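Novice: Okay, structure incoming, though there's no sequence with it:
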């Protein structure tokens with residue numbers, strides 16, 4: 001199961017981490033989601049590969065945030 005951590009700017013200001021967590025958790029292939037608003041990080045464990053990672057990033061955008069991969073995230077998903 002791949003794990004990815006994304007930088008999501010604006011989490012501290014917005015204070016709406018629950019909304020982001022729910023948006024990503026709704027994806028059927030997502031196993032776990034953890035949002036760290038202080039570090040502006042979103043950690044996700046999921047089943048799949050690059051296509052699923054793209055859907056996670058789109059869910060983050062749909063929630064009103066812009067995700068950035070952390071170093072090494074491009075290698076996630078095999």
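Specialist: Perfect, thanks for sending it. Not measured: the values here are computed from a predicted model.

Novice: Can you name the residues in contact with the helix or strand of the chain with the lowest mean pLDDT?
Specialist: Of all the helices and strands that make up the chain, helix 11-14 has the lowest average by mean pLDDT, DSSP states H and E, namely a mean of 72. For helix 11-14, contacts defined as Cβ atoms under 8 Å, 6 or more residues apart in numbering pick out 17, 20, 35, 37-38, 40, 64-65. Any C-beta I mention is one placed from the backbone N, CA and C, and that applies to glycine too.

Novice: again, 6 Å this time
Specialist: Helix 11-14 is contacted from outside by 37, 40, using Cβ atoms under 6 Å, 6 or more residues apart in numbering.

Novice: what are the ranges of the helices in this structure?
Specialist: Along the chain, counting by DSSP state H, helices occupy 11-14, 17-25, 50-62.

Novice: Include mean neighbour count and distance to residue 5 when you put those helices into a markdown table, please.
Specialist: Listed next are the helices of the chain as a markdown table, based on neighbours: other Cβ atoms under 10 Å; distance: least, Cβ to Cβ, whole Å:
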| stretch | mean neighbour count | distance to residue 5 |
| --- | --- | --- |
| helix 11-14 | 14 | 13 |
| helix 17-25 | 16 | 12 |
| helix 50-62 | 16 | 11 |
